[in-house]
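Enquirer: task: produce atomic coordinates for the following.
(one chain, ligands or ions: 1)
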Amino acid sequence: MIRIVGGHVALDLVNTVEPRVPGATDFREHLNTPAELLAWGVRVGLLEEPEAEQVRVAWGASTAAGSQALHASVEVREATYDVLLAVLGVRADASPQLDALGVRWSAATARSGLVLRPGEPVYLDVGTNPATLVQDRLVTAAVELLRTVEPRQLRACPLDQGGCGWLFLDRSKNGSRRWCAMEDCGVRAKSRRLTARRRATT
Ligand SMILES: [Zn+2]
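Expert: So this is what the prediction gives:
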């Protein structure tokens, strides 16, 4: 099962391909079907199981709805990745991708509502239409991340040292987190270094 290491649902979305290499088209895809997208969404807390059931019903009622939602979600993922690479300074520009996110975000906003519950702050209910709920929540999360991200905290698991390229937020006090997950990429890179050293000494 895929690791959840991003520290933000929009980063976890970006990390649904591996390895995550800028410009690469050859990678392992974890969101192959609408069902996989929905199961992942529940796992990362994007939606609750009863909501997922409503989504399942909506997607079951129209064969196009599920595949459209998957297509939209993957588009949000790739646009978010490219914009974050621009935030990191890895790519020079991502204006078309930012525009694409803006279009999807305003559509999501049109399908959202404000809910008043006495004694609580007003609640923004994103995705009032089950057929488009997953993509609406994803693009809303992506825009929220892009608006608030601390570029210093945004890291990529180092590809040049054998990492996977996944993005994550380093919230450690001294900014020392290097790997998406030490027990995964960190250990793999360490054992590769040891092997190389052994080869060099024999
Ligand atoms: Zn990694």
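Enquirer: quick one: residues contacting Ala58.
Expert: Residues near Ala58 by CB atoms under 8 Å, 6 or more residues apart in numbering: 65, 129-131. Bear in mind the C-beta positions are built from the backbone N, C-alpha and C, glycine included.
Enquirer: inside helices: which ones of these?
Expert: Within those, residues falling in helices by DSSP state H are Ala65.
Enquirer: what's the farthest-apart pair in the contacts of Ala58?
Expert: The distance between the two most remote of these (CB to CB) is 9.8 Å, for Ala65 and Asn129.
Enquirer: any stretches of this protein with poor pLDDT?
Expert: 202 (pLDDT under 70).
Enquirer: hang on, the earlier thing: could you turn the buried ones of the contacts of Ala58 into a PyMOL selection?
Expert: Entered in PyMOL, the line below selects the buried ones among those, by 16 or more other CB atoms under 10 Å:
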select buried, resi 65+130+131
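Enquirer: list the contacts of the helix or strand harbouring Glu144.
Expert: Using DSSP states H and E, Glu144 maps to helix 133-148. Residues lying outside helix 133-148 but in contact with it, judged by CB under 8 Å, 6+ apart, are 8-11, 13, 37-38, 41, 46-47, 51, 54-55, 69, 72-73, 76-77, 79-80, 83-84, 87, 101, 104-105, 107-109, 111-112, 126-127, 129.
Enquirer: ok, now stretch 177-186?
Expert: 3, 5, 15, 155, 157-158, 162-164, 166, 168, 170-171, 189.
Enquirer: from the residues you listed, which are also near the ion?
Expert: By CB under 5 Å from the ion, the members of the contacts of stretch 177-186 lying near the ion are 157, 163-164, 166.
Enquirer: among the residues you listed, which pair sits farthest apart?
Expert: Of all pairs in those, the most separated under CB to CB is Gly163 and Trp166 at 7.8 Å.
Enquirer: identify the contacts common to the two.
Expert: 156-157, 180.
Enquirer: out of these, which are inside strands?
Expert: Using DSSP state E, the members of these that fall in strands are Ala156.
Enquirer: need the shared contacts of Gly163 and Trp166 in TSV (columns: neighbour count).
Expert: Formatted as TSV, the shared contacts of Gly163 and Trp166 follow (neighbours: other CB atoms under 10 Å):
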residue	neighbour count
Ala156	20
Cys157	26
Cys180	25
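Enquirer: sorry, back to before: mind listing what's buried in the helix holding Glu144?
Expert: So helix 133-148, judged by 16+ other CB under 10 Å, has buried residues 133-143, 145-146.
Enquirer: and the gap between Trp59 and Thr201?
Expert: Distance of Trp59 to Thr201, given as CB to CB, to the nearest Å: 58 Å.
Enquirer: neighbour count for those two, which is higher?
Expert: Set Trp59 next to Thr201 and count neighbours by other CB atoms under 10 Å: Trp59 wins out with 23 against 6.
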